[in-house]
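S.K.: sequence below, structure please.
(2 chains)
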There are 2 protein chains.
Amino acid sequence: MINKQIRLASRPSGWVTVDNFETTEEEVAEPADGQVLVRNIFMSVDPYMRGRMNDVKSYVPPFGIGDVLQASVVGQVVASEFSVYEEGDYVMGMLGWENYSLCDGRQLRKLTPGTEPLSWHLGILGMPGMTAYVGLMKIAEANTGETVFVSAASGAVGSVVGQLAKIHGCRVTGCAGSDDKVASLTEEFGYDAAFNYRASEALHQSIREICPDGINVSFENVGGDIFEAVLWNMHDYGRVALCGMIAHYNDEEPQPGPRGMMLIVGRRLTIRGFIVTDHPDACEEYIAKAVGWIKEGKLKYRETVAEGIENAPGAFIDMLKGKNTGKQIVQLAEA
Amino acid sequence: MINKQIRLASRPSGWVTVDNFETTEEEVAEPADGQVLVRNIFMSVDPYMRGRMNDVKSYVPPFGIGDVLQASVVGQVVASEFSVYEEGDYVMGMLGWENYSLCDGRQLRKLTPGTEPLSWHLGILGMPGMTAYVGLMKIAEANTGETVFVSAASGAVGSVVGQLAKIHGCRVTGCAGSDDKVASLTEEFGYDAAFNYRASEALHQSIREICPDGINVSFENVGGDIFEAVLWNMHDYGRVALCGMIAHYNDEEPQPGPRGMMLIVGRRLTIRGFIVTDHPDACEEYIAKAVGWIKEGKLKYRETVAEGIENAPGAFIDMLKGKNTGKQIVQLAEA
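M.R.: I've put the predicted structure just below:
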């Protein structure tokens, strides 16, 4: 069997392009003792991967030039030399941008497919869903009756944040990058109010219109001008869960932070960064609850699906540019 | 009796100058029912007053043009029509930049002078000391063995922060604006290491030299380049108690924040602004402990004293420029 793989050809300076990737092929090897061969069905492309393309030490190590890129993958066991798994098992793990992954069995987690589509384990029942829960409930400690603002509200994480906030009795607001996305926020995901930031002439004013009493909790995934406008609209004692800053991932140099940092003092704000993997207990807590909320129809989910490993780089770039609605994934094979 | 008073003549744009103040004189009035007449002995000049000179709503209202400026004052009762106080009592309160203040008796707090100088109630036993304690212990939650960095380390607040951190078993570092100040930090206030930020060619590097393992707790009172350099040196899970940003108080426009805000995510940092008056219980707790620490010689204190109400504007401007060591006060009359 031939394995098609996507490798990092060069480090991007500024925006990622398809030239930063190369596609290679090699014969699939047999698993050695302790190894499992997985046929990859769905893979995830996520904003944090952009950081790993730079040669910078961070909370995850950088990708190496020439190496197969890594992603969260859902797949099926083809052959196993690890006692926990047998042929046909559905599994997930941090595997490669490739059709088949040969890995240490300890890297995998078994999935017991229920009524939900397999791909959901990369989104609402995976890292994006858990990130939404940890940031909103554990980092920002959102309370019933508070106003929540979500900056990338229609993304894989943001669409879950809004729904979780609604379930917890908050007033939910946010912004997204197109009129269609904004419509989906209020019509589908239960947001109380939202606006299209690309059509806003003054972000500060657009936020004030939908949050006239200020923001108690901000779930921040964008950075840049939006973060600055959020800061100026925060209510006294407000909390910002800082999850990411997609506006900056393609910066060639670190850019200045928001103007008005003194507001953090005057309004007694808390800005707190977090990484979902630091909070395994909260993640388990979330998954247990999320399954119930999905069944009750309280938690909805949307995906944008690209087809084929060769389209993974394009799907990743589109996601960084905000072309997706909900979770961007790549389907590599039939389930 | 003639009362000399300092009023706000005009709002500064950029740096405050003596032209922003005017000195006026008026006859002292007799207290009406419920009022107390105080002979002011010491007054405090503090960084936050700069913010009140702008016409901007904040956690304290702006000073009005033509109004007598306000300050924390320690004085002695001259005449009282309020049952709690009688002639000769020592009191403190938020009174005026003036030789005599006629005020509502409810604005005052009685002082029982002990062995400590009266003026200490404006500093180590007043708001600056309480600010140090609240920020270090309640906001940043400093723990034994952690490395603490204090950006304005020899100021009224910073010199107390360092000593409190030492009392609580932390490694204490910081920076100040002259070699003399730096010497006082390590020789007098028990800092483990410090540097002169005006002599530093690369703040980031200077901090790294004295905090090779990173900063766990930063007590931030400066902002600007120093705050940015602190951010780049924070350890994972570090906390920044954001108390003020004196580097920005004379900005004509809000300036950009530090570069590298993504570090807040990657290193899971918490940046939290606070106002000491939100924490009355912690303030009481501090005063009770501080008196003991002073007696034991664990908590030392330095003042820079200007003489006479007419020199209050100059003392205020000097303090904003960092010419003081320890608490800047103005002596208005003999104790």
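
S.K.: for chain B, what is the nearest residue in the stretch 201-335 of chain A?
M.R.: For the stretch 201-335 of chain A and chain B, the shortest gap (CB to the nearest CB) falls at A:Gly257, measuring 2.7 Å. Any C-beta I mention is one placed from the backbone N, CA and C, and that applies to glycine too.

S.K.: tell me how many other residues crowd that residue.
M.R.: 25 (other CB atoms under 10 Å in any protein chain shown).

S.K.: with A:Tyr90 instead?
M.R.: Neighbour tally, A:Tyr90, other CB under 10 Å: 18.

S.K.: next, it: phi, psi?
M.R.: phi -90, psi 130 (degrees, to the nearest 10).

S.K.: and it, how far is that from chain B?
M.R.: A:Tyr90 sits 32 Å away from chain B, going by CB to the nearest CB, to the nearest Å.

S.K.: contacts only, for the nearest residue to that residue once chain neighbours are set aside.
M.R.: Excluding the flanking residues, the one nearest A:Tyr90 by CB to CB, 6 or more residues apart in numbering or on different chains is A:Leu111, at 4.3 Å. Contacts of A:Leu111 were listed using CB atoms under 8 Å, 6 or more residues apart in numbering or on different chains, and they are A:Val74, A:Tyr90, A:Val91, A:Met92, A:Leu118, A:His121.

S.K.: now swap in A:Leu102 and tell me
M.R.: A:Leu102 neighbours (CB under 8 Å, 6+ apart): A:Val28, A:Ala29, A:Pro31, A:Gln35, A:Val36, A:Leu37, A:Val38.

S.K.: swap in A:Ile2?
M.R.: With CB under 8 Å, 6+ apart, A:Ile2 has these contacts: A:Glu25, A:Glu26, A:Glu27, A:Val28, A:Asn99.

S.K.: go again with 10 Å.
M.R.: The contact partners of A:Ile2, by CB atoms under 10 Å, 6 or more residues apart in numbering or on different chains, come to A:Glu25, A:Glu26, A:Glu27, A:Val28, A:Asn99, A:Tyr100.

S.K.: now A:Tyr237
M.R.: Taking CB under 10 Å, 6+ apart, one finds A:Asn216, A:Arg267, A:Arg268, A:Leu269, A:Thr270, B:Gly273, B:Asp278 in contact with A:Tyr237.

S.K.: try it again at 6 Å.
M.R.: A:Arg268 (CB atoms under 6 Å, 6 or more residues apart in numbering or on different chains).

S.K.: now it: phi and psi?
M.R.: Main-chain dihedrals, A:Tyr237, degrees, to the nearest 10: phi 60, psi 20.

S.K.: quick one on the thing from earlier: of the contacts of A:Leu102, which belong to strands?
M.R.: A:Gln35, A:Val36, A:Leu37, A:Val38 (DSSP state E).

S.K.: closest to A:Glu141 out of those residues?
M.R.: Ranked by distance to A:Glu141 (CB to CB), those are led by A:Val38 at 38.3 Å.

S.K.: confirm for me that that closest one is in contact with A:Ala79.
M.R.: No. If you go by CB atoms under 6 Å, A:Val38 and A:Ala79 don't touch, sitting 9.2 Å apart.

S.K.: give me the domain ranges for chain A.
M.R.: What automatic domain parsing lists as the domains of chain A is A:2-123+A:302-331, A:127-277.

S.K.: helix or strand for A:Val330, which one?
M.R.: strand A:327-331 (DSSP states H and E).
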